[in-house]
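Trainee: Here is the input, now give the coordinates:
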Amino acid sequence: MPGILYIVPTPVGNLEDMTFRAIKVLKEADLILAEDTRTSSVLLRHYDIHGKLQSHHKYNEHKTVELVKERILGGLNVALISDAGTPGISDPGFLLARACANEGIEVQTLPGATACIPAIVSSGLPCDRFCFEGFLPQKKGRTSALAALALETRTMIFYESPYRLVKTLEQMASLFGDERQCSVAREISKLHEEHKRGSLAELAAWFREHEPKGEIVIVVAGCSDLAPKTAVKEGKGREEKTGEGKERSSKYKLKHRIEEEDCGEEESEGGS
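Mentor: Next up, the predicted model:
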């Protein structure tokens, strides 16, 4: 009889955020797959968990998925954890979950820790409808990825490195508008947890003067009902005033500017 794949969230900060069920599943699992065995060993020792530990990360998951799937088909119960949060959410997990689901293996995901939900709930921005965008491309495509979201009406959630935070906020201000409301959450569930709220321009200025540290979640308000109408109205006015040919030229220039910025990002980050 096949075993079960358990996807187990682990604390994003405070070790006491671990659930009773997560501890039980990890203690009873035949095999624990960890993104980084050194990091996970700290958590496992804290809860006196001594199961067999094996690495499963973005650099080897394409090779390990089939092997793990065969072991589950052979009757082993396997638990998948990441360094922090829920596997599959900006962490390895999707490939294994898909392979097991396609094979008819039972996949159980435990509810639990993730940084994006506390960040949006604490932001003061609408959380009835939102989209999770994860990490933006590090090199080519950042500007075009953001431009595609300029008229997104849902609240948006991004993960970001502290080293790129200011640049990202500046890009968002340029494409979404300086006054678009935003919240930057830092070090969720850790000792120095912090939430800064304001417009994109204000937060970019703040973090230029106060160097950010730790893990970052950016929560950005969606485009308001007024913004798309204003954009349409202004576009109509331009068409009436200057004709369709010039409007198409303006759109081409915007597209060209985005492509130039994307190429500039690739060149500036190519050596990092």
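
Trainee: per-domain residue ranges of this protein.
Mentor: For the chain, automatic domain parsing gives the domain ranges 4-109, 116-227+258-264.

Trainee: Report the mean confidence score over the shortest one.
Mentor: Per-residue confidence for domain 4-109 averages out to 95 on the pLDDT scale.

Trainee: That domain spans what distance, first to last residue?
Mentor: The first and last residues of domain 4-109 sit 10 Å apart, counting by C-alpha to C-alpha, to the nearest Å.

Trainee: and Ala150, which of the three is it?
Mentor: Recorded secondary structure, Ala150: coil (DSSP: H, G, I helix; E, B strand; the rest coil).

Trainee: for the residue lying closest to it once chain neighbours are set aside, phi and psi?
Mentor: Ranked by C-beta to C-beta, 6 or more residues apart in numbering and with sequence neighbours excluded, the top spatial neighbour of Ala150 is Leu175, at 5.3 Å. All C-beta spots, glycine's among them, are computed from the backbone N, C-alpha and C. Main-chain torsions, Leu175, degrees, to the nearest 10: phi -100, psi -30.

Trainee: and Leu175, what does it touch?
Mentor: By C-beta atoms under 8 Å, 6 or more residues apart in numbering, the contact list for Leu175 reads Thr143, Leu146, Ala147, Ala150.

Trainee: and with 10 Å instead?
Mentor: Neighbouring residues of Leu175 by C-beta atoms under 10 Å, 6 or more residues apart in numbering: Thr143, Ser144, Ala145, Leu146, Ala147, Ala148, Leu149, Ala150, Leu200, Ile258, Glu261.

Trainee: Rebuild those as a markdown table, extending it with pLDDT and secondary structure.
Mentor: A markdown table is the format used below for the contacts of Leu175 (pLDDT from 0 to 100; DSSP: H, G, I helix; E, B strand; the rest coil):
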| residue | pLDDT | secondary structure |
| --- | --- | --- |
| Thr143 | 92 | helix |
| Ser144 | 93 | helix |
| Ala145 | 95 | helix |
| Leu146 | 96 | helix |
| Ala147 | 96 | helix |
| Ala148 | 96 | coil |
| Leu149 | 97 | coil |
| Ala150 | 95 | coil |
| Leu200 | 98 | helix |
| Ile258 | 54 | helix |
| Glu261 | 55 | helix |
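
Trainee: most surrounded residue in these?
Mentor: Counting neighbours by other C-beta atoms under 10 Å, the top entry in these is Leu200, with 26 neighbours.

Trainee: And the closest residue to that one other than its chain neighbours, how close does it get to Tyr59?
Mentor: Among residues not flanking Leu200 along the chain, Ala173 sits closest, at 3.9 Å (C-beta to C-beta, 6+ apart). Separation of Ala173 from Tyr59 (C-beta to C-beta, to the nearest Å): 35 Å.

Trainee: Looking at these two, which one has more neighbours?
Mentor: Taking neighbours as other C-beta under 10 Å, Ala173 and Tyr59 compare with Ala173 leading, 20 against 9.

Trainee: Kindly confirm whether my reading is correct that that one touches Leu203.
Mentor: Yes - Ala173 is in contact with Leu203 according to C-beta atoms under 10 Å; the separation is 8.7 Å.

Trainee: and for these two, which residues touch both?
Mentor: Cys182.

Trainee: how about the strands in this protein?
Mentor: Residue ranges of the strands in the chain, as given by DSSP state E, are 4-7, 31-34, 53-55, 78-81, 106-109, 130-135, 155-160, 181-186, 194-199, 216-220.

Trainee: Provide the strand pairings for the shortest one, with the direction of each partner.
Mentor: So that's strand 53-55. Each strand paired with strand 53-55, and its direction, by DSSP bridges: strand 31-34 (parallel).

Trainee: ok, back up a step: most packed of the strands of the chain?
Mentor: strand 78-81 (a mean of 26; mean count of other C-beta atoms under 10 Å).

Trainee: No more questions from me, cheers.
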